[in-house]
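J.: just a sequence and a predicted model for now, questions to come.
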Amino acid sequence: MLSFGQTRHGASVKTPTDNAASIGNWLCLAAAPIFAIMAIVTLAGGGADMICSAMPDVFPMDGMTAMYLLMCVFHLPPWLRMISGRPVD
């Protein structure tokens, strides 16, 4: 008799919750690169702070760029786990 989650050949069958967890594992890897790209675009774009500032070349990184870089750093652990060879949970 076959038990739940197995086929005749003994291979396990993925349940819908396994598929959702797998998608979630890969989705967590998307955050860090997206925030890094947003930081680069924000830094390159300049924004209103560069137009209104009296001395625009003093510090080109504004608050939004710093926030995107900080978010990128906070979302790096899944990448570090993947690089170290541990499974992404």
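T.: Now that the structure is in, tell me what you want to look at.
J.: contacts for stretch 27-44?
T.: The contact list for stretch 27-44, computed with Cβ atoms under 8 Å, 6 or more residues apart in numbering, reads 60-62, 64-65, 68-69, 71-72, 75-76, 78-79, 82, 88. Every residue, glycine included, has its C-beta placed from N, CA and C.
J.: taking these, tell me the two that lie furthest apart.
T.: 60 and 88 (34.3 Å; Cβ to Cβ).
J.: re the thing from before, which among the contacts of stretch 27-44 end up buried?
T.: 62, 65, 68-69, 71-72, 75, 78 (16 or more other Cβ atoms under 10 Å).
J.: got the residue ranges for the helices in the chain?
T.: Using DSSP state H, the helices of the chain run over 16-27, 31-45, 47-52, 63-74, 77-84.
J.: can you put those helices in CSV and add mean pLDDT?
T.: Shown next, in CSV, are the helices of the chain (pLDDT from 0 to 100):
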stretch, mean pLDDT
helix 16-27, 74
helix 31-45, 89
helix 47-52, 54
helix 63-74, 90
helix 77-84, 89
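J.: and the buried ones among the contacts of stretch 27-44 as CSV, adding distance to residue 37?
T.: Listed next are those as CSV, based on distance: Cβ to Cβ, whole Å:
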residue, distance to residue 37
62, 17
65, 12
68, 9
69, 11
71, 12
72, 9
75, 12
78, 17
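J.: list just the nearest of these to residue 24.
T.: residue 78 (10.4 Å).
J.: give the contact list for that closest one.
T.: Counting by Cβ under 8 Å, 6+ apart, the residues that residue 78 touches are 25, 28-29, 32, 88.
J.: run a quick neighbour tally on the closest residue to it other than its chain neighbours.
T.: Distances taken as Cβ to Cβ, 6 or more residues apart in numbering place residue 28 nearest to residue 78, at 4.5 Å, with adjacent residues excluded. By the criterion of other Cβ atoms under 10 Å, residue 28 has 17 neighbours.
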